[in-house]
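In: next come a sequence and a model predicted from it.
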Amino acid sequence: MRRQDELTAAREAAAENAILEMRLASPALAAPWRAVARFARRKPLGAVGGLIVLALVVTALLAPVISPYDPRQIIREDHDRVPVYVAPGSAYPMGTDHVGRDIVSRVIHGARISLYVGLGAVVIGVTAWFVVGVVAAYAGRAVDLVVQRVVDAMMAVPGLIIVLAIMAVLGSSLNNVIIAIVIGMLAPVVRTVRSQVLSVKEQEYVVAARAIGARSARIIVRHIMPNCLAIYLILATYYLGFAIILEASLSFLGVGVPPDVPSWGGMLTAAAQGHITKAPWAGIFPGLAIFIVVLGFNLLGDALRDVLEPRLRGARPGLTR
């Protein structure tokens, strides 16, 4: 009897393993990995950009674990000595700054600030202005006229000036930086989305939907927005890098995040204020981090544009096979 129960349990376990293997080998689960492999094969620079973005995300999530010191901590060695302006070496891979803080720890935690600002600005700003651009372009007439006059007024002023003015009113804080960047990206995002919607809304399927009496809200949600998703993804990847540069610029100018927050722009400010000749590594490493991360987002965004943009896809059909 016991032998029969053991055989039955073994058969059930084997059946469960077979079902699990079938599920893992199913096309639905294998398709995303095949798509990623095809993307990496046909767009190697885009794959490099994706790896850089992935490294940024992992670094930001694991910053408290992989960081050797607290980013705000002033290191005190034996006999209470503070290691100020220590060059990169085995003890401090990126050296220390003018008050004795570990630069590698501040660069690692700076990834969290950059990712928070970038994602916050994109999720709020690009999504909100994408919806505004779609609705304004589809509605036309008075709605589009009002939105475009606002866009024209904002396009007449450099974006950095608008963001600086907003920060002067709101004050220095991380969330205020996101608000300023979101407002600053209104004009270019709305204008880009509007141009895409103007061509999509004249397609046959949209005209047919209007002819059978479909409501405007249904047409926008079911037909317009899905066919503008490619431009949304392209804008999102572009403005992730743009937001990181803008946050670093604001921090460098002294109106971004507070000085004690370990942001890459703030580290550049500290290095530029008389310390660059004494400790050039204090500015090289955060500047290199900004360069690599923004390059990664731009490479990924360019690759996604080539793959997802319908006009480019039609000109280069090999990308979508």
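Out: Yep, that arrived.

In: just checking, what packs against the helix or strand hosting F291?
Out: Assigned by DSSP states H and E, F291 belongs to helix 281-308. The contact analysis (3 or more CB pairs under 8 Å, 6 or more residues apart in numbering; DSSP states H and E) places helix 281-308 against helix 44-61, helix 103-121, helix 229-253, helix 264-272, helix 310-315. All C-beta atoms are positioned from the backbone trio N, CA, C, and that covers glycine.

In: and with 6 Å instead?
Out: Packing partners of helix 281-308 (3 or more CB pairs under 6 Å, 6 or more residues apart in numbering; DSSP states H and E): helix 44-61, helix 103-121, helix 229-253, helix 264-272.

In: need the residues that contact the last one.
Out: Applying CB atoms under 6 Å, 6 or more residues apart in numbering, the set of residues contacting helix 264-272 from outside is G110, A248, S251, F252, G256, A282, G283, P286, A289, I290.

In: and the pLDDT for the nearest residue to T96 once chain neighbours are set aside?
Out: Excluding its sequence neighbours, the residue lying closest to T96 (CB to CB, 6 or more residues apart in numbering) is V86, at 4.4 Å. At V86, the pLDDT value in this model is 82.

In: circling back: can you redo the contacts of helix 264-272 as a markdown table with neighbour count, distance to S216 and pLDDT?
Out: Formatted as a markdown table, the contacts of helix 264-272 follow (neighbours: other CB atoms under 10 Å; distance: CB to CB, whole Å; pLDDT from 0 to 100):
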| residue | neighbour count | distance to S216 | pLDDT |
| --- | --- | --- | --- |
| G110 | 29 | 45 | 89 |
| A248 | 28 | 41 | 84 |
| S251 | 27 | 43 | 81 |
| F252 | 19 | 45 | 79 |
| G256 | 28 | 41 | 79 |
| A282 | 25 | 56 | 84 |
| G283 | 19 | 53 | 84 |
| P286 | 26 | 48 | 89 |
| A289 | 22 | 46 | 91 |
| I290 | 21 | 43 | 90 |
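
In: related to what we said a few turns ago, between the helices and strands packed on helix 281-308, which gets nearest to P93?
Out: Nearest to P93, of all these, is helix 103-121, at 5.0 Å by CB to CB.

In: list the contacts of that closest one.
Out: With CB under 6 Å, 6+ apart as the test, helix 103-121 has contacts from 56, 59-60, 63, 67-69, 71, 93-95, 97, 177-178, 181-182, 240, 243-244, 247, 262-264, 285-286, 289.

In: next secondary structure element downstream of that helix?
Out: Beyond helix 103-121 in the direction of the C-terminus, DSSP H and E gives the next helix or strand as helix 127-139.

In: what about that next one, average pLDDT?
Out: 90.

In: by contact count, what packs against it?
Out: Packing partners of helix 127-139 (3+ CB pairs under 6 Å, 6+ apart): helix 141-155, helix 186-200.

In: how does it look with 8 Å?
Out: Going by 3+ CB pairs under 8 Å, 6+ apart, helix 127-139 lies up against helix 141-155, helix 186-200, helix 216-219, helix 229-253.

In: re the thing from before, relative orientation of the helix holding F291 and helix 264-272 in degrees?
Out: Angle, helix 281-308 to helix 264-272, by axes from the mean of the first three to the mean of the last three CA atoms, to 10 degrees: 150 degrees.

In: pull the contacting residues for the residue nearest in space to the middle of the chain.
Out: The chain has L240 as the residue nearest its centroid, 3.4 Å off, counting by CA atoms, centre = their mean. Residues in contact with L240 (CB atoms under 8 Å, 6 or more residues apart in numbering) are G118, L119, A121, V122, F297.
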